[in-house]
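Trainee: The following block contains a protein sequence and its predicted model.
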Amino acid sequence: MKKRPWPGPRKQPGGSGKKRKRSSVCRKSFWKGPRRSDRAVLFRNWDHEYKFYGGENMARKGLLLTIVVVAVLVILLSALPVLAQGQPKKGGTLKVISTGGDVRCIGYGPDVRLLYQMIYSQPVTETLLRWDKKGELAPHLAESWKFSSDLKTIILNLRKGVKFHDGTDFDAEAVKYNFEVYQKSGRPELEMVTSIDTPDKYTVHLNLKDFNNLILTNLTMNVGIMASPTALKKSGVDEVCRNPVGTGPFRFKNWQRDLSIRFERFDDYWQKGKPHLDAFEWLHIKDPMTAVSAFIAGDADVIINITPPLADKLRKDGKYEILSVPFISSALVGDSANPNSPFAKLKVRQAVSHAIDAKAIVNSVHYGFAEVTNQFSSPRSWGYNKNVTGYPYDPKKAKQLLAEAGYPNGFKSTLWWSNIGIRPQTGAALQAYLKEVGIDVEVKLLELSAWNDKLRAGWDGLMFTSISNSVPDDSRSGFIFSNCKATLWKSVACIKEMEDHIQKVITARDFKTKVELFQEYNKLLIDKYALMNCWVIESNIAALKKYVKGSDIYGTTFIQFNPADAYLDK
């Protein structure tokens, strides 16, 4: 079966914007560094021979020459406005409203734990690698990379001429210090790195216990965020979280908690002539309707994280560019690590999945901005396994499984939920479906920060949770979910087979093998262990005023855009 490509942005009906280009993420091996994609442009020189034949009237020759000259001038002059229109305009402040995310840190990689923190950090900090339009790894602060012949060392060649906002040089020692600080934080993403060498000022060697293909993906995420080592040493990690000092196109100006974060142009940015804007500002408006009203009224140029009902209204209005990208896999996860919990029993977890009509919920509350799935991955992802059986909606089967598990009359439990977006409405629907088969859950709504704390500390009952689908490689999220040493998912049973299998995925030495192994991981996760009830891939939706150009918001992934290239064409 031909694998479907990483989709990039989805152009919504009635909206405007660029059509996404489809191309396979499987085209190259992901640890061989960037593929050369420079196109050689051939200029063919034509030799024109102009002959004036004897007996022709000189006046006719002059008239012909005049016509040619005038035609050429007309063509050149008519092209001037087009050329001018293609140049980015300078100045102005791009204001972006966001309704989501409890943002506590944007400048220190180990504490940038949430997707919203990643996107909020884009103007001020940069990562070593990024994703290109095809869902493939691309260079950024690291110009190139390669593995040693024994696959035990990653060699990073760094970009020269880059400075942090405090004047500190971006070099190998700065990268090494960031990695060492990350390792000391206790997070698992760099646990495979045994040592770090800096053979020269712009080369870093990451020496590995064993080959690991996931580390390159991590360098596009918080692991790859580079903060000024001077600032980290002088001010400490907590201060750098709140007052980031990065290499990005904008330097940090001020942060009004829960209101706004403002950045101003960094004149010594390494991409010459950029950024085009004078400033960039995030505006946090928690209430979705208030946020959209402010956007329509002209308080901002872009709004992200729009709820589907409101996005549908903006789409029908026809005045805005509407974009969406795969964002999160929404699922119910029971406290299977607790041996006294009903959800420690496989048949109970299977019953939960059979109890829910995912298609009905998606159609009623997502307005087409989501897709049903029966597993961890999106049907558009290379990790999707069409052979996963899953648990189709079957309340009769759910009741049967509960009885076999020892709960013929059902049981009472708790459903933990965050109070953002459309989740309360979805929670009510799930509550009703579960009650129909005998699982009577009390829904407890939490502020997003409290919900995230509980995800890390552990919970009782069911947790409605979201697992990132915001980068093309789902194995990163799979590793965090199934790694028994991870700092998240404290209430999920540690299953050795799952942990061992995800290790095989991230140590696969070619992409084809990785794809096959991760698809097997999906089948184990769902069909064998039913550790989570996956039912929908939610999209994150943005609306842009049509004069916003070059930002690439939602052009590749949710967490990555190009503030350096953004400009206001008005």
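Mentor: Structure received. Residues are numbered from 1 along each chain as shown.
Trainee: quick one: the helix or strand where residue 330 lies to chain centroid distance?
Mentor: Assigned by DSSP states H and E, residue 330 belongs to strand 320-334. Centre-to-centre, strand 320-334 and its host chain are 10 Å apart (CA atoms, centre = their mean, to the nearest Å).
Trainee: Check the average confidence over whichever helix or strand comes after it, would you?
Mentor: Next along the chain after strand 320-334, taking DSSP H and E as the criterion, comes helix 346-355. Average pLDDT, helix 346-355: 98.
Trainee: would you put the C-alpha positions of helix 346-355 in CSV?
Mentor: This file holds the C-alpha atoms of helix 346-355, laid out as CSV (Å, rounded to 0.1, in the frame of the first residue of the first chain):
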residue,chain,number,x,y,z
LEU,A,346,-7.9,-5.3,30.0
LYS,A,347,-11.6,-6.0,29.4
VAL,A,348,-12.7,-2.8,31.1
ARG,A,349,-10.4,-0.8,28.9
GLN,A,350,-11.8,-2.5,25.9
ALA,A,351,-15.3,-1.8,27.1
VAL,A,352,-14.6,1.9,27.3
SER,A,353,-13.5,1.9,23.7
HIS,A,354,-16.6,0.0,22.5
ALA,A,355,-18.9,2.4,24.5
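Trainee: Just name the shakiest helix or strand of this protein by mean pLDDT.
Mentor: Least confident element among the helices and strands of the chain, by mean pLDDT, DSSP states H and E: strand 10-11 (a mean of 48).
Trainee: any weak-confidence spans in this structure?
Mentor: For the chain, the stretches with pLDDT under 70 are 1-86, 101, 419-424.
Trainee: Would you map out the domains in it?
Mentor: 92-301+547-568, 326-539 (automatic domain parsing).
Trainee: Might you report the residue contacts of residue 509?
Mentor: 151, 211, 213 (CB atoms under 8 Å, 6 or more residues apart in numbering). For glycine as for every other residue, the C-beta is placed from the backbone atoms N, C-alpha and C.
Trainee: Same question for it, what's its three-state structure.
Mentor: Under DSSP: H, G, I helix; E, B strand; the rest coil, residue 509 falls in the coil class.
Trainee: okay if I get the domains of the chain as a markdown table plus distance to residue 313?
Mentor: Below are these laid out as a markdown table (distance: least, CB to CB, whole Å):
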| stretch | distance to residue 313 |
| --- | --- |
| domain 92-301+547-568 | 8 |
| domain 326-539 | 9 |
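Trainee: of those domains, which approaches residue 316 most closely?
Mentor: domain 326-539 (10.4 Å; CB to CB).
Trainee: Could you work out the end-to-end span of the closest one for me?
Mentor: One end of domain 326-539 to the other measures 5 Å (CA to CA, to the nearest Å).
Trainee: same deal with stretch 482-493?
Mentor: End-to-end distance of stretch 482-493 (CA to CA): 9 Å.
Trainee: got it, and stretch 215-227?
Mentor: Terminal residues of stretch 215-227 lie 19 Å apart, using CA to CA.
Trainee: go on, stretch 309-325?
Mentor: End to end - CA to CA - stretch 309-325 spans 16 Å.
Trainee: now it: how far from the chain's centre is it?
Mentor: 20 Å.
Trainee: mind listing what's buried in it?
Mentor: 309, 310, 311, 312, 314, 315, 320, 321, 322, 323, 324, 325 (16 or more other CB atoms under 10 Å).
Trainee: swap in stretch 153-171?
Mentor: Those buried within stretch 153-171 under the rule 16+ other CB under 10 Å are 153-159, 162-165, 168-171.
Trainee: Thanks again, I'm all set now.
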